[in-house]
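*Asks:* would you be able to build a 3D model of this:
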Amino acid sequence: MEHQIKEFRKEDIDKEELKKQIPAWCNLLRESPDDVRLRIIVASMFYFIDEKQKSLKLLKNAPNGENIEFEQDEKWQEWLITHGHREEMYEVYYRHTFFSLVADFCSYMLESINCAAKMKVAVSYALLRKPLKDTLGYIEWLRVDRNGMLDLLASGKPEDLVITKEKALEHTSLIEGNCKMSSFFDFRYNKASETSLEHIWNNANHLITTKYKLSKTEPGNLNFVFADEAILRSFSDYYYITVPAIMSYAVNLICEMFEEFAPLNKYTVLMNKLNRTLRSFEMLETISFDDAKNLYSSGNVPIVCPRCGLKMKMTDKKMLKFISNKCTCSRCLKTIKTGRYIFDWEKVDFVFNE
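*Replies:* Next up, the predicted model:
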């Protein structure tokens, strides 16, 4: 059955959040002015924040000379579909929804991690439920059924958007099969598993719990209220065992989705993937460092300085500095910041051997 986006009102859009995203998209358009699809996406974003003149100017000045005008504000979506731009409309909704979900995920995870660092154990677990179960669940849904989810978001009922355990299993199974990485489904959704975070964040959010066996409150107790230091320490240790593993999966999933539509060069994508992978292996200690290097043949991948273009050999010492955010160019002394997604190589068009 063909997907169709029905009425989508401008009131449904978070305009302030969209305004923050527009400058980055404008920069992409400056770099690729002949990309009509990208031009339509940016024009639609301006339309959403009520800057119609900028939107029309972008469309009227399209490289192919097409003079695009909307007859009525309310029918701009019909116009896009009629003129063969259905995919562009989906792309606008997809990117806006994707970035909004990622922002929500990061906000909650940051607060949870900060609380864990301060030994506010119950609060750190209470804050985990939304990002790891709900928000990440919708990101996974976008990954496996973009148009289906966007159709429901635009014109479906709220009940249709509820992520049941069965639906989550369907989505995560597809991702695990296609992307060859664990989604840690049991940790996030299986209330019957002793290792699941479900019963822990359930206890963290409620003083008395009676519904599920593993999270039932003991007689004479209130969840987490009377916990002594030893109990809190054990929960804290478990947080640092489970959360980094799930975060590694989430970061890889989000970055792969971003890299599918962002106009990045192959070296940028490769080095960011190498950075994520080596950091995960080092953090989780699931594989030796030498095996990790061999897995990606990283010894054959040089580190290119994004400022002066010096090509440096990836030695063990250089690699450890690279994933520790301390890799400095021996020629111009620039430190490559690797504690984030690295865009620095997008402007490098010259390379020198070390």
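*Asks:* for R129, grab the count of nearby residues.
*Replies:* 20 (other Cβ atoms under 10 Å). No exception for glycine: its C-beta is placed from N, CA and C like everyone else's.
*Asks:* verify the contact between it and N205 for me.
*Replies:* Yes - under the contact definition of Cβ atoms under 8 Å, R129 touches N205, with a separation of 7.0 Å.
*Asks:* S330 and K311, how far apart?
*Replies:* In this view, S330 and K311 are 11 Å apart by Cβ to Cβ, to the nearest Å.
*Asks:* can you check P33 too?
*Replies:* Shown here: P33 relative to K311, a distance of 31 Å by Cβ to Cβ.
*Asks:* can you check D35 too?
*Replies:* For D35, the distance to K311 (Cβ to Cβ) stands at 30 Å.
*Asks:* compare these two (neighbour count), which wins?
*Replies:* With other Cβ under 10 Å as the criterion, D35 and K311 differ in neighbour count, and D35 comes out ahead with 15 against 12.
*Asks:* now that one. Nearest residue, chain neighbours left out?
*Replies:* Take D35 and drop its neighbours on the chain: the residue closest to it by Cβ to Cβ, 6 or more residues apart in numbering is L29, 7.1 Å away.
*Asks:* the helix or strand containing that neighbour: how far from the chain's middle?
*Replies:* When elements are defined using DSSP states H and E, L29 is found to belong to helix 15-31. Using Cα atoms, centre = their mean, to the nearest Å, the distance from the centre of helix 15-31 to the centre of the chain it belongs to is 17 Å.
*Asks:* and the angle for the helix or strand following it with helix 15-31?
*Replies:* Later in the chain than helix 15-31, the nearest helix or strand by DSSP H and E is helix 36-48. Orientation of helix 36-48 against helix 15-31 (axes from the mean of the first three to the mean of the last three Cα atoms, to 10 degrees) gives an angle of 150 degrees.
*Asks:* mind giving me the packing neighbours of helix 36-48?
*Replies:* Using 3 or more Cβ pairs under 8 Å, 6 or more residues apart in numbering; DSSP states H and E as the contact criterion, the secondary-structure elements in contact with helix 36-48 are helix 15-31, helix 52-60, helix 86-117.
*Asks:* tabulate those (CSV), appending mean neighbour count and distance to V301.
*Replies:* CSV is the format used below for these (neighbours: other Cβ atoms under 10 Å; distance: least, Cβ to Cβ, whole Å):
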stretch, mean neighbour count, distance to V301
helix 15-31, 13, 25
helix 52-60, 16, 39
helix 86-117, 18, 27
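*Asks:* Serialize those to a markdown table and add fields for distance to I139.
*Replies:* Formatted as a markdown table, the helices and strands packed on helix 36-48 follow (distance: least, Cβ to Cβ, whole Å):
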| stretch | distance to I139 |
| --- | --- |
| helix 15-31 | 16 |
| helix 52-60 | 28 |
| helix 86-117 | 5 |
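*Asks:* helices and strands around the helix holding L29, which ones?
*Replies:* For helix 15-31, where contacts count as 3+ Cβ pairs under 8 Å, 6+ apart, the packed elements are helix 36-48, helix 86-117.
*Asks:* make it 10 Å
*Replies:* Here helix 15-31 is seen to pack against helix 36-48, helix 52-60, helix 86-117 when contacts are counted using 3 or more Cβ pairs under 10 Å, 6 or more residues apart in numbering; DSSP states H and E.
*Asks:* which other residues reach that helix?
*Replies:* Contacts made with helix 15-31 from outside it, assessed by Cβ atoms under 10 Å, 6 or more residues apart in numbering, are listed as 14, 35, 38-39, 41-43, 45-46, 48-51, 54, 58, 95-96, 99-100, 103-104, 261-263, 346-347.
*Asks:* cutoff 6 Å now
*Replies:* Outside helix 15-31, the residues within contact range by Cβ atoms under 6 Å, 6 or more residues apart in numbering are 38, 42, 45, 48-49, 99-100.
*Asks:* any chance of a ChimeraX selection covering the buried ones in those residues?
*Replies:* Taking 16 or more other Cβ atoms under 10 Å as the burial criterion, the selection of buried members of the contacts of helix 15-31 in ChimeraX is written as:
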select :38,42,45,48,49,99,100
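*Asks:* pick out the most distant pair among the contacts of helix 15-31.
*Replies:* Spatially, the most separated pair among the contacts of helix 15-31 is L38 and S100, at 19.3 Å (Cβ to Cβ).
*Asks:* thanks again, I'm all set now.
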